[in-house]
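S.K.: sequence and computational prediction follow.
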Amino acid sequence: MTGTEMKPNNFENSQDRPKIRVLLLADYCNPDWPSLPILAHKFACTMSKYADVTVVTQIRNKPNIDRKGIGNAKIVYLDTEWFAAPLSQLSWLIRGGKNSAWTTQMAMDYPSYLVFESAVWNHFKHDLKNGHFDMVHRITPMSPTLPSFMAKRCPVPFLVGPLNGALPWPKFFRSELLREREWMTYLRGFSKFLPYHRSTYQHSAGILAAHAHTINDLPVESQAKAINFPDTGYEPSMFSLSERSGRDRLTILFAGRLVPYKLPEVVVKAFAASPILQKHKLVIIGDGPERPRLDKIVAEHSLSDCIEFVNSVPYGEFPTVMQQADIFAFPSIRELGGGVVVEAMASGLACVVVDYGGPGVFIDSERGVKVPMGDLNQLVQSYTEALEQLVQNPERIARLGLAAHQHALKYYSWEAKARKMLEVYDWMVGRSPVKPEYWDQQPILQDSLVEAPLAL
């Protein structure tokens with residue numbers, strides 16, 4: 001363990017006390033599925049080192065969890081696929097696939113998740129009432145629009161989160177909102193009137209929320225129970241600092257689904273506008289509906305010698321890809337989390353992000369480059385200038401990458417997060433009277449750059 005990792009004062013003492021018995025609700029929990037499922041699995045594995053964890057999840061996760069294990073945690077599978085599977089198929093049809101209309105997906109998940117938690121309650125209610133658990137922690141789903149069936153019934157402290165959502169769309173990108181088929185964002189406010197929404201926040205003993213805008217969207221009377229707690233994490237044994245030789249041709253990396261709100265065209269257009277950048281290489285990892293637009297730009301500007309597309313990379317090989325790059329360019333304009341940015345930081349890349357959402361919290365001027373939010377042309381200009389300055393200053397790339405690595409290790413490694421989560425658990429069960437905090441200074445939402453519709 002390095003000296004840069006976060007170590008709460010009560011961590012060492014906690015090892016001498018009985019482990020807190022936690023029932024961990026994680027309907028999404030899968031070591032082989034990207035984004036939320038793998039985050040939940042990593043969290044459960046890490047927390048099982050320090051708490052007595054029982055994970056309850058969907059039967060659909062069983063094959064992969066049984067194959068890879070889930071740390072020291074006990075595991076219980078519940079089968080509500082009779083209800084969830086048909087709704088999932090209907091959602092796929094309504095959304096037109098998996099790459100758009102995420103708010104519609106959340107709306108379709110509402111009844112499925114209530115059925116799952118109802119099944120959890122029926123399975124564990126006697127154990128909970130008889131004192132077999134000290135607390136319940138619901139880690140997935142993370143959307144604040146999906147309430148809990150159990151919160152008001154639970155006889156032990158109920159913790160929800162980290163939640164992540166309520167990030168407004170930037171006012172400059174209404175066309176991207178429409179291309180993402182996110183018309184449901186205009187109806188998101190009605191979720192607060194659905195059954196169980198108010199009782200979830202009223203009866204939860206604690207609420208973890210990944211960002212200030214998520215906390216601000218909670219019921220006012222519940223915000224005092226909220227802790228600003230990041231939702232993403234990474235494994236240092238996978239994503240680590242590597243030696244980068246002084247090569248003349250640098251690699252700029254974009255990784256993510258090729259969908260409108262991630263704006264991969266910003267980086268492609270920056271290369272098209274810059275002879276300086278064309279001396280280097282852009283690698284785009286991902287696939288999605290934006291690929292034809294990108295191919296057209298590359299063809300029109302004869303960029304095939306300096307831009308390479310890779311449809312997908314197995315997650316186990318992704319750290320190698322990170323270590324072979326020098327700069328991570330990620331112009332997403334509505335990134336709720338942005339775990340890939342944390343992984344890039346941990347790998348020592350100099351990251352260039354838009355100052356909004358999750359990436360705007362991860363990065364500051366000492367450990368990366370944040371460009372101001374603007375319309376498409378403004379972002380292209382900002383990225384062109386930022387990337388040109390970086391490729392002409394390798395020493396700055398190395399300095400930013402090292403600072404980013406140290407920051408990620410201190411705050412986002414799974415061990416660092418587990419140590420901080422133990423503080424939260426101690427507070428939940430009454431071992432500590434003081435509500436813990438994760439950050440020294442809370443981020444502030446830039447209201448001038450957003451409009452009313454909210455995401456998820």
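M.R.: Cool, got the structure.
S.K.: all helices for the stretch 351-456 of the chain, in order.
M.R.: In the stretch 351-456 of the chain, the segments counted as helices under DSSP state H, counting those that start in this stretch are 357-362, 376-391, 394-411, 414-429.
S.K.: tilt between the helix or strand containing T46 and helix 414-429?
M.R.: Per DSSP states H and E, T46 falls inside helix 36-47. Taking axes from the mean of the first three to the mean of the last three C-alpha atoms, to 10 degrees, helix 36-47 and helix 414-429 form an angle of 80 degrees between their directions.
S.K.: what comes into contact with helix 36-47?
M.R.: With C-beta atoms under 8 Å, 6 or more residues apart in numbering as the test, helix 36-47 has contacts from 22, 24, 26, 28-32, 53, 55, 61, 65, 69-71, 73, 139-142, 231-233, 235, 315, 339, 414-415, 417-418, 421. Yep, even glycine has a C-beta here, placed from its N, CA and C like the rest.
S.K.: ok, then the element right after that helix?
M.R.: Under the assignment DSSP H and E, the closest C-terminal helix or strand after helix 36-47 is strand 52-58.
S.K.: that next one - contacts with which helices or strands?
M.R.: Counting contacts by 3 or more C-beta pairs under 8 Å, 6 or more residues apart in numbering; DSSP states H and E, strand 52-58 packs against strand 21-26, helix 36-47, strand 74-78, helix 102-129.
S.K.: give me the contacts around it.
M.R.: With C-beta under 8 Å, 6+ apart as the test, strand 52-58 has contacts from 19-29, 44, 47, 65, 70-81, 84, 116, 120, 123-124, 133.
S.K.: now S242. Nearest residue, chain neighbours left out?
M.R.: Sequence neighbours aside, Q323 is the residue nearest to S242 in space, at 4.1 Å (criterion: C-beta to C-beta, 6 or more residues apart in numbering).
S.K.: rewinding a little: the helices and strands packed on strand 52-58: lowest mean pLDDT?
M.R.: The weakest mean pLDDT among those belongs to helix 102-129, with a mean of 84.
S.K.: next SSE downstream of it?
M.R.: Where DSSP H and E defines the elements, the next helix or strand beyond helix 102-129 is strand 135-140.
S.K.: and that next one, how far out from the chain's middle?
M.R.: How far strand 135-140 lies from its chain's middle: 17 Å, per C-alpha atoms, centre = their mean, to the nearest Å.
S.K.: next, the angle from that strand to helix 414-429.
M.R.: Using the same axes, to 10 degrees, strand 135-140 lies at 130 degrees relative to helix 414-429.
S.K.: strand 135-140 - contacts with which helices or strands?
M.R.: strand 21-26, helix 36-47, strand 158-163, helix 414-429.
S.K.: does the last one pack against any helices or strands, and if so which?
M.R.: When you say that, I think you mean helix 414-429. Packing partners of helix 414-429 (3+ C-beta pairs under 8 Å, 6+ apart): helix 11-14, helix 36-47, strand 135-140, strand 158-163, strand 206-209, helix 394-411.
S.K.: what separates it from the chain centre, distance-wise?
M.R.: From the chain centre to the centre of helix 414-429 is a distance of 19 Å (C-alpha atoms, centre = their mean).
S.K.: what do you get for the third one?
M.R.: The gap between where strand 158-163 is centred and where its chain is centred comes out at 14 Å by C-alpha atoms, centre = their mean.
S.K.: just checking, what packs against it?
M.R.: The contact analysis (3+ C-beta pairs under 8 Å, 6+ apart) places strand 158-163 against strand 135-140, strand 206-209, helix 414-429.
S.K.: buried sites along the second one?
M.R.: Translated: strand 206-209. 206-209 (16 or more other C-beta atoms under 10 Å).
S.K.: pLDDT below threshold where in the stretch 251-400 of the chain?
M.R.: For the stretch 251-400 of the chain, no stretch is flagged by pLDDT under 70.
S.K.: could you rerun that using 90?
M.R.: Along the stretch 251-400 of the chain, segments meeting pLDDT under 90 span 260, 312-316, 334-339, 357-358, 361.
S.K.: what about the strands in it?
M.R.: Secondary structure of the stretch 251-400 of the chain (DSSP state E, counting those that start in this stretch): strands at 251-255, 281-285, 307-310, 327-330, 350-354, 369-371.
S.K.: in CSV, list those strands along with distance to W169 and mean neighbour count.
M.R.: Compiled in CSV, these are given as follows (distance: least, C-beta to C-beta, whole Å; neighbours: other C-beta atoms under 10 Å):
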stretch, distance to W169, mean neighbour count
strand 251-255, 21, 24
strand 281-285, 24, 21
strand 307-310, 27, 17
strand 327-330, 18, 27
strand 350-354, 13, 28
strand 369-371, 18, 21
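S.K.: any chance of TSV for those strands, columns distance to A398?
M.R.: Output for the strands of the stretch 251-400 of the chain, formatted as TSV (distance: least, C-beta to C-beta, whole Å):
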stretch	distance to A398
strand 251-255	14
strand 281-285	18
strand 307-310	23
strand 327-330	11
strand 350-354	8
strand 369-371	14
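S.K.: can you say which of the ones you listed is nearest to G401?
M.R.: Nearest to G401 among those is strand 350-354; the distance by C-beta to C-beta comes to 5.1 Å.
S.K.: just the CA trace of the closest one, in CSV.
M.R.: Output of strand 350-354 as CSV, limited to C-alpha atoms (Å, rounded to 0.1, in the frame of the first residue of the first chain):
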residue,chain,number,x,y,z
ALA,A,350,-2.6,13.3,-20.0
CYS,A,351,-6.4,13.6,-20.2
VAL,A,352,-8.3,16.3,-22.2
VAL,A,353,-11.9,16.5,-21.2
VAL,A,354,-14.9,18.8,-21.3
